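Q: dropping a prediction and its sequence here:
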Amino acid sequence: MPPRGGGGVYDFKEWELGITSDAIVAAMATLSLCDGVSMHQWDAALVALADQLRAVSMTLHRWVRDRPCPRPDLDGVLSRLGRSYGYAADAMETASRMTPPDWRIVDRERKNLYREVVRLQLLLIEETQREV
């Protein structure tokens, strides 16, 4: 039976390989950028960081739409993660408009994103172990 949405993914292992090499890599790379901007308090980079966060949000939402997981509950987790990246983008733009920028906002959003990404990774590990 073909997958929902016609994305061409037929089993969890194939889906997991795709998500971890595409959307999760983008999410982690953007978190790394967020760390650098926050650590150096580089206000000029906040708007660019917001753009990156928004791009990850769109990537995650497209992934769920175009390549749904054979385990629908994980689609919900990915959708929430996408929304969290979008909210973080809005928060970065808000922080950038303040004089000086409010770095507490940046740090709060960064920590929240880390929690969400770790949660997803733990769920993926759990699901992988069930497959074995």
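A: Cool, the structure landed.

Q: every contact and neighbour count from this point should use C-alpha atoms.
A: Will do.

Q: which helix or which strand is home to Glu109?
A: Following DSSP states H and E, one finds Glu109 within helix 103-131.

Q: tell me which residues of that helix come out buried.
A: Residues of helix 103-131 classed as buried by neighbour count (16 or more other Cα atoms under 10 Å): 103, 105-107, 109-110, 113, 116-117, 120, 124, 127.

Q: those residues: which two are farthest apart?
A: Taking Cα to Cα as the measure, the buried residues of helix 103-131 span a maximum distance of 36.2 Å, between Trp103 and Glu127.

Q: ok, now how distant is the residue nearest to the spatial centre of the chain from Asn112?
A: Nearest residue to the geometric centre of the chain (Cα atoms, centre = their mean): Ala27, 4.3 Å. Going from Ala27 to Asn112 by Cα to Cα, to the nearest Å gives 13 Å.

Q: and for Ala88?
A: 9 Å.

Q: for Ser38, give me its contacts.
A: Each residue near Ser38 by Cα atoms under 8 Å, 6 or more residues apart in numbering is listed here: 103, 106-107.

Q: find the least confident helix or strand in the chain, judged by mean pLDDT.
A: helix 12-21 (a mean of 87; mean pLDDT, DSSP states H and E).

Q: now do the buried residues in it.
A: Applying a neighbour-count criterion of 16+ other Cα under 10 Å, one finds 12, 15-16, 19 buried in helix 12-21.

Q: wait, which of the residues you listed is closest to Leu60?
A: Nearest to Leu60 among those, with distances taken as Cα to Cα, is Ile19, at 9.0 Å.

Q: need the contacts of Ser38 in JSON lines with pLDDT, can you?
A: Output for these, formatted as JSON lines (pLDDT from 0 to 100):
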{"residue": "Trp103", "pLDDT": "91"}
{"residue": "Val106", "pLDDT": "92"}
{"residue": "Asp107", "pLDDT": "94"}
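
Q: possible to save the residues you listed as JSON lines with distance to Ala95?
A: As requested, the contacts of Ser38 are arranged in JSON lines below (distance: Cα to Cα, whole Å):
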{"residue": "Trp103", "distance to Ala95": "7"}
{"residue": "Val106", "distance to Ala95": "7"}
{"residue": "Asp107", "distance to Ala95": "11"}
